[in-house]
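In: Sharing a model that was predicted from the sequence below.
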Amino acid sequence: MDDVEKAILISFEESGAIDSALKSQAVSFCQQIKETPTVCRICIEKLCFCNIVQVQFWCLQTLHEVIRVKYAMLSLEEKDFIRKSVFSMCCFDLIDDKNNNAVRILEGGPAFIKNKLAQVFVTLVYFEYPLIWSSVFVDFLPHLRKGAVVIDMFCRILNALDDELISLDYPRTPEEMGVAGRVKDAIRQQCIAQIVNVWYEIVSMYRNSDLDLCSNVLESMRRYISWIDIGLIVNDAFIPLLFQLILVGGGSEQLQGAATGCVLAVVSKRMDHQSKLAILQNLQINRVFGLVTGDIDSELVSKVAALITGYAAEVLECYKRVNTEDAKSVSLELLNEVLPSVFYVMQNCEVDTTFSIVQFLSCYVATMKSLSPLREKQLHHVGRMLEVICAQIRYDPIYRDNLDMLDKIGREEEETMVEYRKDLFVLLRSVGRVAPDVTQMFIRNSLVSCISSVSERNVEEVEASLSLLYALGESLSDEAIKTGSGLLSELVPTLVSTRFQCHSNRLVALVYLDTITRYIKFVQEHTEYVPMVLTAFLDERGIHHPNFHVRRRASYLFMRVVKLLKAKLVPFIESILQSLQDTVARFTSLNHTSNDSSGSEDGSHIFEAIGLLIGMEDIPPEKQSDYLSSLLTPLCHQVETLLINANALSPEESPVKIANIQQVIMAINALSKGFSERLVTASRPAIGVMFKKTLDVLLQILVVFPKIEPLRNKVTSFIHRMVDTLGASVFPFLPKALGQLLAESEPKEMVGFLVLLNQLICKFSTSVHDIVEEVFPAIAGRIFSLIPTEPFPSGHGTNSEEIRELQELQKTCYTFFHVITTHDLSSVFLSPKSRDYLDKMMQLLLQSACHHEDILVRKACVQIFIRLIKDWCTRPDVEAKVPGFRSFIIDGFATNCCFYSALEKSFEFHDANTLILFGEIVLAQKVMYEKFGDGFLHFVTNCFTTAHCPQDVAAQYCQKLKVTK
């Protein structure tokens, strides 16, 4: 073993036994060898005499790199030497047959060495065929007589040629595409007929003696069928041979699968559709249909399934493309023949196959629209399609308990099925549009069958039938559902009146309630079914179901149903409230704990539904007051009791009681959503009084628990709700509320506080002037103590939660200033207590208007300045309301924002938002001209002169500013 071989072995060492410094030295030495001019001769010499696998691989890899990268720099002599040497190795010849120590790579070498040799061979083909080495394939064919070793190598070369150059499964450069076209053209013209003949002879000769070799030959052949003359394969010799191999196979599923792949390649080959149809018809593909009934886990069944699916797709494509009636008739006949096997494959084979079949069936259904009305055969296929869909969407009973408990396994299975069902439901809806009567009849029969079953063991069948009915609803128009078109007038009443034996199952209960909600518009038009719907939601099938997940979902869906039916539920309010009494009691009783399995969302949706019911003006005033009082009084009492005893709470009790208060606030908040401002403030003020008392109670929470963020958020949310519900009558409560919220506010809470003020200003405008003026100094002081004067840092490690909170506060602050100025409240900035912050505010707005990275923020700041100029500057000859403001606008805003910032590279005029910002800047200049007169035009002219702009352009611009819209 010489130094080169030792270095190669050390460089390949991965066990850790070799010293790292020695290995590094070996790698460096190998790299030096690669750089020597004679590296190709060194590699070929090693390949001739060394049988160490690592050395062989390194030499072949190096040859490949040299040819691929440095081919143009090699001499003619070197190219010739490499060509002859590589060819001899591939043909099982000795390069130096005079040396007794010579080795043959193909003799017992591992597959990866042979594949690497094939790659080197193909690299030579890339550069030299057909212009330089025109006879490469013709010269190779006679060597195949040497037997299986050379035939195997030839297959590897053909596979490598496909992988490295021809196949479109890999991205190719334009140059590679050009070479591939050149190579294919030469092969087609020169030797493809001989190669195909060799394939046929080898398979015929070795089919009974070397099945693996035959399989390899057919796998190579499959790759080439797509671009060679189809007549070389589709003839009286090759096609019968392929089907013999498929149907008999000689005991080798691998050989059967390889032959099946070749037939699929024939079926999939692109060609004129009339010619394709003739080939498909002559193949008599029905001969292989029986093979899919074998072991579904076998590779052969998978390949036959792919053949059947591919064949069906091609027949369908022919049907769509051919023009003559005879051809369409033949296509339809072939489709009718293959579809039963397609359905079998879909129902019994792997998911991947099922996915491709669903795509095919969707195309089939879309195509069958042209056969309106559908013929008997097509109606039969539609029925079978529905049966298969129903079978495919069923859960496996083995996961029943996991799905009911919704443990980890159950969650994974449910997520998988939800994803898997998507395409199947798309297919179902397509079928429903093409054959609505058949689809609805199938779902009806499926549902009736489930209802008639007295067993609890049909959980999966019931869930699947209900899911079909639910999915069908997505394809129906609102009008179709309202009128109960087709069998819906029977299906929906059957649905709402049914109690399945397996209703205690989580999945069944959920899809049952979802399906009722899907078709609720039918009930809206057919009010005789309202009692049944209410019963379904209010009994053990819904809100009183033993499963928490079902109860929570039922509460949400019930709220949606109430929103839609609303006035039609007035006669049933008493019975509804009676049914919900125990649910409501869990939130109004003092012993309610947050560990209650009903969950907070359950409560909020129930109370929102109740609020929608009792908040209608159809309810008599006295009853409405009684209903609301019976709910608000115990809820408020619970809060008051908890607040009184807050100081006496132990550390263990405190989190539980705080969670209780949260849920009470959520319940009250949800309840109030059903009451309009007009009803509360005008037509029935007594209701408003109740909500005011409730607000007063809840505001005490901010006093007792000033630093508990979840409670602050919930109370803030309720104040938002009361602003909308109570209108201006909420004003007396605002000073107290705003004072408490502002007192302990961190950046995150401050954002929520400003959002509340924005709501007040947008709703009441100048009516809240005194309130805003009172709190603004404290707000400004808090904002400027939190927001840094310098821009926020950027780069790695600067995106902390604290920075993000401050950025959000700054953004909300701009909105707050914008809302104030655009609602005629800019005088708030000028109150004695607020003037201390005026300069800081102006500098912040100016800095942001010029340089903020968010263009929308810059636009908002410019708009703020426009309003302030309009409000605080009157006429050119009158001093502004704010001393020094006019100078600040000219020297600061007009110079830096309206002129210099627009000249920066970051000001990209191709960006839509930047153009909008520029429009606001121009508007600001027009307003400044209006308020400051010709003095501003003189300023503009000076700016243009400073920027070396021609005087006539400056004059034109000034003239444009004078023109008002």
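Out: It's in.

In: and the residue nearest to residue 873 when sequence neighbours are not counted, how many residues sit next to it?
Out: The spatially closest residue to residue 873, leaving aside those adjacent along the chain, is residue 931, at 4.2 Å (C-beta to C-beta, 6 or more residues apart in numbering). No exception for glycine: its C-beta is placed from N, CA and C like everyone else's. Residues near residue 931, counting by other C-beta atoms under 10 Å, number 19.

In: same check, this time on residue 930
Out: Residues near residue 930, counting by other C-beta under 10 Å, number 17.

In: per-residue confidence for it?
Out: Residue 930 is assigned 87 on the pLDDT scale.

In: buried sites along whichever strand or helix holds it?
Out: Here residue 930, judged by DSSP states H and E, is contained in helix 912-932. Judged by neighbour count (16 or more other C-beta atoms under 10 Å), helix 912-932 contains these buried residues: 914, 917-918, 920-921, 924-932.

In: Following that helix in sequence, what is the next regular element?
Out: The helix or strand immediately downstream of helix 912-932 is helix 934-946, counting by DSSP H and E.

In: Under the pLDDT cut-off, which ranges of this structure? List them.
Out: Filtered on pLDDT under 70, the chain yields the residue ranges 1, 96-103, 249-251, 350-355, 454-457, 589-602, 794-798, 876-880, 964-965.

In: ok so, going back, my read: the residue nearest to residue 873 touches residue 870, true?
Out: Yes - in this structure residue 931 lies within contact range of residue 870 using C-beta atoms under 8 Å: 7.4 Å.

In: Pretty sure residue 837 sits against residue 779.
Out: No - assessed by C-beta under 8 Å, residue 837 is found out of contact with residue 779, at 9.1 Å.

In: tell me which residues in stretch 261-279 are buried?
Out: 261, 262, 263, 264, 265, 266, 267, 269, 273, 276, 277, 279.

In: and these, which two are the farthest apart?
Out: 261 and 273 (22.7 Å; C-beta to C-beta).

In: Contacts for stretch 555-566, please.
Out: With contacts defined as C-beta atoms under 8 Å, 6 or more residues apart in numbering, stretch 555-566 is touched by 513-514, 516-517, 520-521, 523-524, 530, 533, 537-538, 542-543, 569, 601-603, 605-606, 608-609, 612-613, 616.

In: Check the residues you listed for burial and list the buried ones.
Out: When the contacts of stretch 555-566 are checked for burial by 16+ other C-beta under 10 Å, the buried set is 513-514, 516-517, 520-521, 523-524, 530, 533, 537-538, 542-543, 569, 602-603, 605-606, 608-609, 612-613, 616.

In: Mind checking which of these land in helices?
Out: Among these, the residues falling in helices (DSSP state H) are 513-514, 516-517, 520-521, 523-524, 530, 533, 537-538, 602-603, 605-606, 608-609, 612-613.

In: Please identify the helix or strand for residue 619.
Out: Per DSSP H and E: nothing holds residue 619, as it lies in no helix or strand.

In: I figured it was touching residue 626, is that so?
Out: No - the pair residue 619 / residue 626 is not scored as a contact, 9.8 Å apart, by C-beta under 8 Å.

In: Share the number of residues neighbouring residue 375, please.
Out: Neighbour count for residue 375, taken as other C-beta under 10 Å: 12.

In: Tell me the spacing between it and residue 439.
Out: If you measure residue 375 against residue 439 using C-beta to C-beta, to the nearest Å, the figure is 17 Å.

In: Which members of the buried residues of stretch 261-279 are positioned in strands?
Out: The members of the buried residues of stretch 261-279 all map outside strands under DSSP state E.

In: If we only consider those, which is nearest to residue 303?
Out: Nearest member of the buried residues of stretch 261-279 to residue 303, counting by C-beta to C-beta, is residue 261, at 6.2 Å.

In: Contacts only, for the closest one.
Out: Shown in contact with residue 261 (C-beta under 8 Å, 6+ apart): 218, 219, 222, 303.

In: after the helix or strand hosting residue 723 comes which helix or strand?
Out: Element membership for residue 723, per DSSP H and E: helix 709-726. Next helix or strand after helix 709-726 toward the C-terminus (DSSP H and E): helix 734-743.

In: Pull out the buried positions in the helix or strand following that following helix.
Out: Remark: after helix 734-743, the chain's next helix or strand is helix 747-764, criterion DSSP H and E. Neighbour-count burial for helix 747-764, counted by 16+ other C-beta under 10 Å, picks out 747-754, 756-758, 760-761, 763-764.

In: again with stretch 669-682
Out: 669, 670, 671, 672, 673, 674, 675, 677, 679, 680, 681.

In: Excluding chain neighbours, what is closest to the first one?
Out: Nearest-residue entry for residue 669: residue 718, 4.9 Å, with adjacent residues in sequence omitted and distances by C-beta to C-beta, 6+ apart.

In: The one you found contacts residue 668, doesn't it?
Out: Yes - using C-beta under 8 Å as the test, residue 718 is close enough to residue 668 to be in contact (6.7 Å).

In: Look at the two and report which has more neighbours.
Out: Remark: of residue 718 and residue 668, residue 668 carries more neighbours, 27 against 23, as counted by other C-beta under 10 Å.

In: Show me what the one helix or strand the more buried one maps to is packed against.
Out: Residue 668 is part of helix 653-672 when elements are defined by DSSP H and E. In this structure, helix 653-672 packs against helix 581-588, helix 600-614, helix 621-644, helix 685-704, helix 709-726, with contacts taken as 3 or more C-beta pairs under 8 Å, 6 or more residues apart in numbering; DSSP states H and E.

In: ok now the helix or strand that that helix is followed by, how far from the chain's centre?
Out: On the C-terminal side of helix 653-672, the closest following helix or strand by DSSP H and E is helix 677-678. Its chain's C-alpha centre and that of helix 677-678 lie 41 Å apart, by C-alpha atoms, centre = their mean, to the nearest Å.

In: neighbouring contacts of stretch 628-637?
Out: Stretch 628-637 is contacted from outside by 584, 587-590, 607, 610, 614, 664, 667-668, 671, 687, 690-691, 693-694, 697-698, using C-beta under 8 Å, 6+ apart.

In: could you dump it to PDB, C-alpha only?
Out: C-alpha atoms of stretch 628-637 as PDB (Å, rounded to 0.1, in the frame of the first residue of the first chain):
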ATOM      1  CA  LEU A 628     -81.600  40.700  33.800                       C
ATOM      2  CA  SER A 629     -81.800  41.400  37.600                       C
ATOM      3  CA  SER A 630     -81.900  37.600  38.300                       C
ATOM      4  CA  LEU A 631     -78.600  37.300  36.500                       C
ATOM      5  CA  LEU A 632     -76.700  40.500  37.300                       C
ATOM      6  CA  THR A 633     -77.600  40.600  41.000                       C
ATOM      7  CA  PRO A 634     -76.000  37.300  42.000                       C
ATOM      8  CA  LEU A 635     -73.000  37.900  39.700                       C
ATOM      9  CA  CYS A 636     -72.400  41.300  41.300                       C
ATOM     10  CA  HIS A 637     -73.000  40.000  44.800                       C
END
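
In: Give me the buried positions along it.
Out: By neighbour count on 16+ other C-beta under 10 Å, the buried set for stretch 628-637 is 628, 631, 632, 634, 635, 636.
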